[in-house]
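[1] Sequence first, predicted coordinates after that:
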Amino acid sequence: MHYPPKVQLSKLVNSLKGVSSRYLRQEYDAHVRRYLWGGHF
């Protein structure tokens with residue numbers, strides 16, 4: 001099956017965003033919460 005390059009790229013970008021988000025939350029959770037959400041979580 002053939003997909004337009006735009007579809008493939010969007011899947012790649014979404015995957016990378018999900019992976020980087022999980023990594024950042026694991027490594028810097030307290031820091032990220034304090035600065036981005038005011039520590040209300």
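    Yep, that arrived.
[2] burial of residue 33, as a residue count?
    14 (other C-beta atoms under 10 Å). Heads up, the C-betas are built off the backbone N, CA and C, glycines and all.
[3] Secondary structure element holding residue 30?
    helix 5-37 (DSSP states H and E).
[4] residues in contact with residue 17?
    Not one residue lies near residue 17 by C-beta atoms under 8 Å, 6 or more residues apart in numbering.
[5] Measure how far the helix holding residue 30 is from the centre of its chain, please.
    1 Å (C-alpha atoms, centre = their mean, to the nearest Å).
[6] ditto for stretch 25-39
    14 Å.
[7] Was I right to think residue 25 contacts residue 32?
    Yes. Counting by C-beta atoms under 8 Å, residue 25 does reach residue 32; the two are 6.6 Å apart.
[8] Name the residue in these two with the higher neighbour count.
    residue 32 (14 against 11).
[9] residues touching the more buried one, list them.
    24, 25.
[10] ok, it to residue 22 distance?
    Distance, residue 32 to residue 22, using C-beta to C-beta, to the nearest Å: 12 Å.
[11] What about residue 30, how many residues nearby?
    Look at residue 30: counted by other C-beta under 10 Å, it has 9 neighbours.
[12] Quick check: pLDDT value at it.
    At residue 30, the pLDDT value in this model is 80.
[13] how near is it to residue 24?
    12 Å.
[14] Now do the shared contacts for residue 32 and residue 22.
    Shared contacts of residue 32 and residue 22, defined by C-beta under 8 Å, 6+ apart, are absent.
[15] Low-confidence ranges, this protein, go.
    1-7, 37-41 (pLDDT under 70).
[16] Apply 50 and report the result again.
    41 (pLDDT under 50).
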